[in-house]
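Engineer: Pasting a predicted model and its sequence here:
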Amino acid sequence: MTEAKDDLICVGALAGSFGVRGEVRLKSFCAIPEEIEDYSPLLNEDGTKSYTLALTRAVKNGFAARIIDVETKEQADALKGVQLYARRDQLPSLPDDEYYHADLIGLEVYDTGGALLGPVKSVQNHGAADLLEIQGTGQSATVLLPFTLAAVPTVDLDKGRIIADPPEGLF
């Protein structure tokens with residue numbers, strides 16, 4: 001059974017093998033990283049494969065984990081790059097001012113005067129705060145907009161739009 005894309009939220013990724021006994025290196029994108037185990041079994045991007053996992057220990061930049069039916073280093077290496085998804089109904093509901101990145105991607109961004117700035121292409125975080133990568137209308141380059149209350153006062157998921165008050169000269 002495949003899941004609808006909107007029903008799946010990316011919660012982690014496999015980064016290859018850990019050691020020689022079939023363990024995988026796992027990156028968790030959860031707010032509390034160890035909680036990724038609570039959502040097991042996890043699915044691949046189109047929901048066609050499932051991965052039952054158990055964390056074995058914390059390692060640099062993630063966890064070592066076991067996945068059922070993965071017993072060799074080669075099998076673990078073959079999973080490198082697989083993104084892991086949980087069903088939305090498995091995840092906790094968020095406070096009003098928090099959003100899953102998957103819900104923001106594709107939303108149209110308008111300025112406070114109603115002019116279309118462009119769609120959200122991705123959500124990035126380089127350590128300080130989230131940034132919305134916006135594909136500017138008629139521009140080849142993208143623009144990174146800080147995802148702060150000052151720069152993004154309104155997110156309306158029901159209408160599929162974001163109202164932004166970008167810093168002067170950004171667009």
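Structural biologist: Received the coordinates, thanks. Residues are numbered from 1 along each chain as shown.
Engineer: Can you classify residue 102 as helix, strand or coil?
Structural biologist: The assignment at residue 102 comes out as helix when based on DSSP: H, G, I helix; E, B strand; the rest coil.
Engineer: What number of neighbouring residues does it come out with?
Structural biologist: Per other C-beta atoms under 10 Å, the neighbour tally for residue 102 reads 15. Using the backbone N, CA and C atoms, a C-beta is placed for each residue, glycine as well.
Engineer: now swap in residue 152 and tell me
Structural biologist: Quick note: residue 152 (other C-beta under 10 Å) scores 19 neighbours.
Engineer: tell me the domain boundaries of this structure?
Structural biologist: Per automatic domain parsing, the domain ranges recorded for the chain read 5-90, 101-164.
Engineer: what's the spacing between the top helix by length along the chain and its chain's center?
Structural biologist: Using DSSP state H, we find that the single longest helix of the chain is helix 73-78. Distance, stretch centre to chain centre, for helix 73-78: 24 Å (C-alpha atoms, centre = their mean, to the nearest Å).
Engineer: elements contacting it?
Structural biologist: Counting contacts by 3 or more C-beta pairs under 8 Å, 6 or more residues apart in numbering; DSSP states H and E, helix 73-78 packs against strand 8-18.
Engineer: So for the strand it packs on, mean pLDDT?
Structural biologist: Model confidence over strand 8-18 averages 92 on the pLDDT scale.
Engineer: contacts for that strand?
Structural biologist: Contact with strand 8-18 is made by 23-30, 36, 39, 42-43, 45, 47, 59, 61-62, 64-65, 73-74, 76-77, 79-88, 91, 100-102, as judged by C-beta atoms under 8 Å, 6 or more residues apart in numbering.
Engineer: re earlier: pLDDT on the longest helix of the chain, on average?
Structural biologist: For helix 73-78, the mean pLDDT works out to 95.
Engineer: Could you list the low-pLDDT ranges of this structure?
Structural biologist: In the prediction, the chain carries residues with pLDDT under 70 at positions 1-6.
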